[in-house]
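Enquirer: here is a sequence with its predicted model. Questions after.
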There are 2 protein chains.
Amino acid sequence: NISKSRGRLLRAPPRTCNTRETRPVGDVPASFPRVLEPRAREPPAARSTPERRAATRQRSLSRLFEMFPAASMTSRVALGGAAVRTGANAKAKAKARARPVRAAISEPPAAPASEQVPAARGAGRKKVVVLGSGWGAISFVKSLPASAPYDVVLVSPRNYFLYTPLLPGAATGAVEERSIVEPIRRPIAEKGWKYYEAACIDVDATAKKITCRAADPECFDDKGKDCEWHTFDVDYDYLVTAVGAVPNTFGVPGVEDNCMFFKEIVHASRFRREVNERFERATLPDVPEERMRELLTFVVIGAGPTGVELAAELYDMVYQDVAKMYPSRLIPFVSIKIIDLQEKILSAYDRRIAEYATDFFQRANIECLLNKQVGEVKPDAVVITDKITGEKSEVPFGLAVWCSGIKLNPLCEKIMDSLPEGTQENRRSLACDKNLRVNGSNGSIFAVGDCATIVRPRSMSKAMELYKSAAKCDDAGECEIDLDKDQIKAALTKGVEEFPHLEEVVNNIDDKFAVFAQANGRCTFDGFSKMLTEVDNGLRALPATAQVAKQEGEYLAAFFAQCDGDAARLIGDETKFEYNHKGSLAYIGKDAAVADIPGFTIVKGIAAGVIWKSFETISQVSVRNIFLVASDMIRTKLFGRDISRFVD
Amino acid sequence: NISKSRGRLLRAPPRTCNTRETRPVGDVPASFPRVLEPRAREPPAARSTPERRAATRQRSLSRLFEMFPAASMTSRVALGGAAVRTGANAKAKAKARARPVRAAISEPPAAPASEQVPAARGAGRKKVVVLGSGWGAISFVKSLPASAPYDVVLVSPRNYFLYTPLLPGAATGAVEERSIVEPIRRPIAEKGWKYYEAACIDVDATAKKITCRAADPECFDDKGKDCEWHTFDVDYDYLVTAVGAVPNTFGVPGVEDNCMFFKEIVHASRFRREVNERFERATLPDVPEERMRELLTFVVIGAGPTGVELAAELYDMVYQDVAKMYPSRLIPFVSIKIIDLQEKILSAYDRRIAEYATDFFQRANIECLLNKQVGEVKPDAVVITDKITGEKSEVPFGLAVWCSGIKLNPLCEKIMDSLPEGTQENRRSLACDKNLRVNGSNGSIFAVGDCATIVRPRSMSKAMELYKSAAKCDDAGECEIDLDKDQIKAALTKGVEEFPHLEEVVNNIDDKFAVFAQANGRCTFDGFSKMLTEVDNGLRALPATAQVAKQEGEYLAAFFAQCDGDAARLIGDETKFEYNHKGSLAYIGKDAAVADIPGFTIVKGIAAGVIWKSFETISQVSVRNIFLVASDMIRTKLFGRDISRFVD
Ligand SMILES: Cc1cc2nc3c(=O)[nH]c(=O)nc-3n(C[C@H](O)[C@H](O)[C@H](O)COP(=O)(O)OP(=O)(O)OC[C@H]3O[C@@H](n4cnc5c(N)ncnc54)[C@H](O)[C@@H]3O)c2cc1C
Ligand SMILES: Cc1cc2nc3c(=O)[nH]c(=O)nc-3n(C[C@H](O)[C@H](O)[C@H](O)COP(=O)(O)OP(=O)(O)OC[C@H]3O[C@@H](n4cnc5c(N)ncnc54)[C@H](O)[C@@H]3O)c2cc1C
């Protein structure tokens, strides 16, 4: 049963969920989080079910349209355009009775004939090419049974999976790097599939073929080797894109040159090496105090879970291990700082958690530079501006880490360019339907994880239809203009199946109605539209987390298995992905953590720390990793971290 | 009791001992092993004890000298010169009765006054500067009690100790890199001493001061940082040099560019990464077979224990793990080759071991290219010449590792240059006396490990004296010219205290006498000299092994502790270093090893493998490392090696 959490799908993930690094920190557009922002030309992705495709009563609603001009429906996020078009389209198509209104509005542009049905290659078995070896890809590969009628080829420049949640621990030696990676070849070999260590550099969605380049340094370095076989093409019937995202500097100057990023295992190695190096340098004879202070100032930019955990692990390392091994005269010069544009750290979490964590950090002497916008990163200082006072200042550092946001993997741009125009308008991630099919690919390209967004229908797109359904109309097609609370409730209830987020309003109808109704106790279409707009705006894209990527990968594998290689079923409508938020955890140092477990409680402190440790351990993807992480954790408790520094 | 193994000191280490990489493989001087080769001007380092300094009966031996001209005493290793000088000196000094003959011969050139007594700095506590963080240094630091009246400063560019014997395992992932290193700061901090992460770049033995440069990449890269404090001087009262050796290419062209070395932890990481990369590249689509074969050919140059263990571990990795995870079509193209100038692998071990290992490798399909001299290493092929047939050929490779020899650390040249002329003639390592004092340093510089050689007295230097002592002379000073077996035995026995290696001859006197005596059952001085020369030639410098370095470090620490900071005792003559050979072990793959345990037996195969594994585990330097290595070994057995490749 692949849709066991049905009914939660389109519910906005809890505000406290792990929206890793989706907020800008520097001088950047404020709307970075992948909030759903459909444009007029972007069709709602979820196809209507056959039932719902049944023709709707078409009546003249001209009066309503004249009474509520488009302008009044414009929301903060440029929804107005959509509404207008919706209305306009509805008008234009009003006479095409046989064709359901919604379908007329939302049909994607006709795809070229060749794309209509995936070309079957080989005897019945379909060739599935998977891009990436991160959370999304590995969960797809592990969940798809070897017996399913697909030949899988996985392509990724990284021949291992990385358990990102423990990256901050690996960066300080609390766990070892090798303990949190797993060779991608293991699951691939078990199932008799193929893996190529290469980056996909282009996708031709029409020819159903990708171009790859082997990650072979000898070829890039012009070492004179004959590299003709290092760029190659791979055909596919179905492409599963799980290439993740890349760090986003938001255009802040100096970030690339003067900060390190924190996303891959090599970043953890590098962080560990560089922190260690700062301590070694500061211990040398005759280093001036001022230089010592600079060397031992560690700045983390971005106070999302990654930044916070990194600062926390660094704190543990400094006070648990470094303090024992380096001369004590150094310790007063150490400082750990975390910079964020928000007024709390972990601001995407529940407010109680954000407050607790901010407080915890401040008591631990991790300096929280909040409400600060990063304008530039110089070789040895971050330039920040206070959001409130406008005051500008410099924070000198020995090492700065940029943990502040992600953006589209450049490969996704190529995929978008290869799809029919108008199917991929949002350049932040691949727009997918509810089955994770990339819009415009006609069911031949799927996307999971950070590179994908499920475009979820906004209830505003059917505001009129819903409103109408509850209004009493006479035979001439003249309808009531104002509805009472029960009618509004009925209208909303009608929409719940298609727009599950409306359920929240139904449950709070008294409060909501009070806000949007007129003094006379009735609600106009204008009020109804405003109500829907507000609810739609609360709709959020699924956060860019491992949890989401993993569930998407699992879902997709189950979907592929269930469709049994049948092209028609693969582009069909049987299921949809539903996200089941399991909770959010973040380690905040000194064995303490914060945890927000939906339907359970918010846990803070050492108790959460215990949950965190167990969770991180048992959620390792293989028995091998569980063994390794557990033994690392024991080792760190018993013997402390290793401060040896390997320099290549 | 720091000389508990007394009596074994100058015994040649068993031929089977672990003489790591002391043999040349390429086109190189054949005498590379640090065989003792005193020159005429190099004084025997061990000072005679006061007792032995007592005047010796001086008689006219002129007749003898005329009968046995110098030329007849010249040994293969230019001993003749020494013998002549000994005789000549004895003659010249014959009248200086008050002065002991041996002292007159062996006194080092007078040192400058300033050097005579170590200048005491600080209130009684002496400042000991230790260079290095390898086997010699760590064992010195760990063994010297914190209570001893010394302020220790350790300087090394590498802030950790590396357990070299497991490096081949780390190179294939059988154990993890972090499991075989230990931060040098741990023992240093425990004792309240100092550590600077820097390389010593110069030594001024007269001013007793070293110059260091911090291993700070920011300074070398001209990154514009103000680096004035990154080159600094450190004063010392005593300098303990444990800087090890560096890889030796023996001038073979192309080695630096086209081979990797195998000595440091980064070499293990690199090996692991590069082997893995070859497999990934060979798995790509459409790689021509010829290129696959080249990519998957791994060549180890040098079949000493390191090369053999590396080849064995690689073999295990390929057949235990790679074969399971990479497509099986690759396996026929894999080949592991080992090249050596000798006719057996492990040729420095007992012949039975060398034969067993060679056989074992050949059966395992590790190609042994023996009797081959390496003339050049091209980017993708090693050029070899057969020592016997003279035939030249090329061995194409995907990856080549140079495991073939070590040479003097360049810093030691600076030390030599800073010492009085004539005290350091052998440019292969620092010549030391029996207390590990560097000759010419007047007891202020000590050396341990690969950078040190204890110059041990050759019995030939006292041949005449010994011979004379057993000869019956009349009052006119006329002596017997031929001695019988008992007299020869008496002469040898007399020398045993000073030249312990003579004991072997005493024990086999019947056999030896038969060889060197004349038909009449008497032995001439010529015969006696030849006998001593043979035994002296059997004298070997201690092998360049961790075992030796460790014992030297321990000895020196005990010596320092015992001397309690007293300058006179530190340049005195109370003790001497005695090497206690514990046995030699080498892993040869498939859980098998070869072991040669002195006084016990030679063990081959799986049994030795078990000894090897336990030995390597329990001989880790800290509890932490024991824990790590043991858990790594369990992990490798349970889950195999990790083939993930981290590319920076
Ligand atoms: C430090 C850190 C800590 C985190 N902690 C948590 C946490 O505690 N909980 C949580 O839920 N989430 C966490 N996240 C977020 C989580 O890691 C991501 O959301 C998740 O990795 C997304 O999975 P993905 O499969 O989309 O992409 P990724 O896991 O990023 O994988 C992308 C893969 O695609 C490959 N690839 C890239 N380009 C190409 C190409 N051109 N061709 C082929 N392959 C390509 C990459 O090599 C990689 O293998 C953390 C992230 C970071 C960086
Ligand atoms: C792969 C491999 C496997 C081996 N296996 C075995 C084995 O099984 N058994 C065995 O007995 N022996 C083994 N050996 C040999 C053994 O490792 C060496 O004999 C031993 O390390 C010598 O110890 P050392 O202290 O003299 O030098 P090293 O251990 O080499 O240490 C030298 C130290 O000096 C430092 N240094 C270098 N230059 C400077 C400078 N200018 N200033 C300050 N510091 C400096 C280095 O960073 C290093 O810390 C092996 C060697 C290798 C390479």
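Expert: Here it is on my side, so go on. In this text, all values refer to a predicted model and were calculated from it rather than measured experimentally. Ligands and ions are numbered 1, 2, ... in the order given.
Enquirer: please make it C-alpha for all contacts and neighbour counts, starting now.
Expert: OK.
Enquirer: check the stretch 201-350 of chain A for the residue nearest ligand 2 and tell me.
Expert: A:Leu284 (14.1 Å; Cα to the nearest ligand atom).
Enquirer: so that residue sits against B:Lys194, correct?
Expert: No - using Cα atoms under 8 Å, A:Leu284 makes no contact with B:Lys194, being 9.7 Å away.
Enquirer: out of the two, which sits in the busier spot?
Expert: Ranked by neighbour count (other Cα atoms under 10 Å in any protein chain shown), A:Leu284 and B:Lys194 place A:Leu284 first, with 21 against 18.
Enquirer: so the nearest residue to that one once chain neighbours are set aside: helix, strand or coil?
Expert: Spatial nearest neighbour of A:Leu284, excluding adjacent residues (Cα to Cα, 6 or more residues apart in numbering or on different chains): B:Tyr196 at 5.8 Å. Under DSSP: H, G, I helix; E, B strand; the rest coil, the three-state class of B:Tyr196 is strand.
Enquirer: got a list of what B:Tyr196 touches?
Expert: A:280, A:283-285, B:153-156, B:214 (Cα atoms under 8 Å, 6 or more residues apart in numbering or on different chains).
Enquirer: which of those residues count as buried?
Expert: A:280, A:283-284, B:153-156, B:214 (16 or more other Cα atoms under 10 Å in any protein chain shown).
Enquirer: now, which of those sits nearest ligand 1?
Expert: Out of the buried ones among the contacts of B:Tyr196, the member with the shortest distance to ligand 1 (by Cα to the nearest ligand atom) is A:Glu280, at 25.4 Å.
Enquirer: near chain B, anything from the strand or helix carrying the closest one?
Expert: Per DSSP states H and E, A:Glu280 falls inside helix A:265-283. Yes - using Cα under 8 Å from any Cα of the partner chain, helix A:265-283 reaches chain B at A:265-266, A:280-281, A:283.
Enquirer: okay, now the domains of chain A?
Expert: A:55-99+A:459-538, A:124-246+A:407-455 (automatic domain parsing).
Enquirer: got CSV for those domains, with mean pLDDT and distance to ligand 2 too?
Expert: Putting the domains of chain A into CSV (pLDDT from 0 to 100; distance: least, Cα to the nearest ligand atom, whole Å) gives the following:
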stretch, mean pLDDT, distance to ligand 2
domain A:55-99+A:459-538, 67, 59
domain A:124-246+A:407-455, 90, 21
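Enquirer: any chance of CSV for these, columns distance to B:Ala608?
Expert: Shown next, in CSV, are the domains of chain A (distance: least, Cα to Cα, whole Å):
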stretch, distance to B:Ala608
domain A:55-99+A:459-538, 69
domain A:124-246+A:407-455, 29
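Enquirer: and the ones you listed, which is most packed in?
Expert: By mean neighbour count, with neighbours taken as mean count of other Cα atoms under 10 Å in any protein chain shown, domain A:124-246+A:407-455 ranks first of the domains of chain A at a mean of 22.
Enquirer: follow-up on the earlier one: restricting to C-alpha, output the following helix or strand past the helix holding A:Glu280 in CSV.
Expert: Toward the C-terminal end, the helix or strand that comes next after helix A:265-283 (DSSP H and E) is helix A:289-295. This file holds the C-alpha atoms of helix A:289-295, laid out as CSV (Å, rounded to 0.1, in the frame of the first residue of the first chain):
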residue,chain,number,x,y,z
GLU,A,289,47.0,37.8,20.6
GLU,A,290,45.0,39.6,18.0
ARG,A,291,46.0,37.0,15.4
MET,A,292,45.1,34.3,17.8
ARG,A,293,41.7,35.7,18.3
GLU,A,294,41.1,35.9,14.6
LEU,A,295,42.4,32.4,13.9
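Enquirer: out of the domains of chain A, which comes closest to ligand 1?
Expert: Among the domains of chain A, domain A:124-246+A:407-455 sits nearest to ligand 1 (Cα to the nearest ligand atom), with 3.2 Å.
Enquirer: need the pLDDT of the spatially most central residue of chain A.
Expert: For chain A, the residue nearest the mean C-alpha position is A:Ala544 (1.7 Å; Cα atoms, centre = their mean). Note for A:Ala544: predicted pLDDT of 91.
Enquirer: next one: A:Ala592
Expert: pLDDT at A:Ala592 comes out at 84.
Enquirer: next: the one 5 residues further on.
Expert: The predicted local distance difference test score for A:Ile597 is 76.
Enquirer: what's the burial count for it?
Expert: 16.
Enquirer: list the contacts of it.
Expert: Going by Cα under 8 Å, 6+ apart, A:Ile597 touches A:582-584.
Enquirer: check A:Met292 too.
Expert: A:Met292 makes contacts with A:282, A:330, A:333, as judged by Cα under 8 Å, 6+ apart.
Enquirer: one more: A:Val548?
Expert: A:449, A:542, A:579.
Enquirer: at 7 Å what do you get?
Expert: For A:Val548, the contacting residues are A:449, A:579, by Cα atoms under 7 Å, 6 or more residues apart in numbering or on different chains.
Enquirer: that one should be in a helix, yeah?
Expert: Yes - under three-state DSSP, A:Val548 sits within a helix.
Enquirer: check what pLDDT it gets.
Expert: 92.
Enquirer: now it: how far from B:Gln362?
Expert: 53 Å (Cα to Cα, to the nearest Å).
Enquirer: then A:Val395?
Expert: 63 Å.
Enquirer: and the closest residue to ligand 1 within the stretch 251-400 of chain A, what does it touch?
Expert: Nearest residue of the stretch 251-400 of chain A to ligand 1: A:Lys263, at 3.8 Å (Cα to the nearest ligand atom). Going by Cα under 7 Å, 6+ apart, A:Lys263 touches no other residue.
Enquirer: the same query, at a cut-off of 8 Å, please.
Expert: A:164, A:167, A:247.
Enquirer: then A:Val506?
Expert: So A:Val506 contacts A:489, A:492-493 (Cα under 8 Å, 6+ apart).
Enquirer: 10 Å instead?
Expert: A:488-493, A:496, A:512-513 (Cα atoms under 10 Å, 6 or more residues apart in numbering or on different chains).
Enquirer: what about the residue in the stretch 401-550 of chain A positioned nearest to chain B, distance to A:Tyr349?
Expert: Closest residue of the stretch 401-550 of chain A to chain B, Cα to the nearest Cα: A:Val401 (16.6 Å). A:Val401 sits 22 Å away from A:Tyr349, going by Cα to Cα.
Enquirer: kindly report the same for A:Arg569.
Expert: Where A:Tyr349 is concerned, A:Arg569 sits at a distance of 39 Å (Cα to Cα).
Enquirer: what does the stretch 51-200 of chain A put close to chain B?
Expert: A:158-162, A:173, A:176-179, A:181-190, A:192-198 (Cα under 10 Å from any Cα of the partner chain).
Enquirer: just the ones in helices from the residues you listed, please.
Expert: A:185-190 (DSSP state H).
Enquirer: before we move on, back to that, correct me, but the residue of the stretch 201-350 of chain A closest to ligand 2 touches B:Phe232?
Expert: Yes - at 8.7 Å, A:Leu284 counts as touching B:Phe232 under the criterion of Cα atoms under 10 Å.
Enquirer: what's the overlap in contacts for those two?
Expert: B:198, B:213-214.
Enquirer: which of the residues you listed sits closest to chain A?
Expert: Of the shared contacts of A:Leu284 and B:Phe232, the one sitting nearest to chain A (Cα to the nearest Cα) turns out to be B:Ala214, at 7.5 Å.
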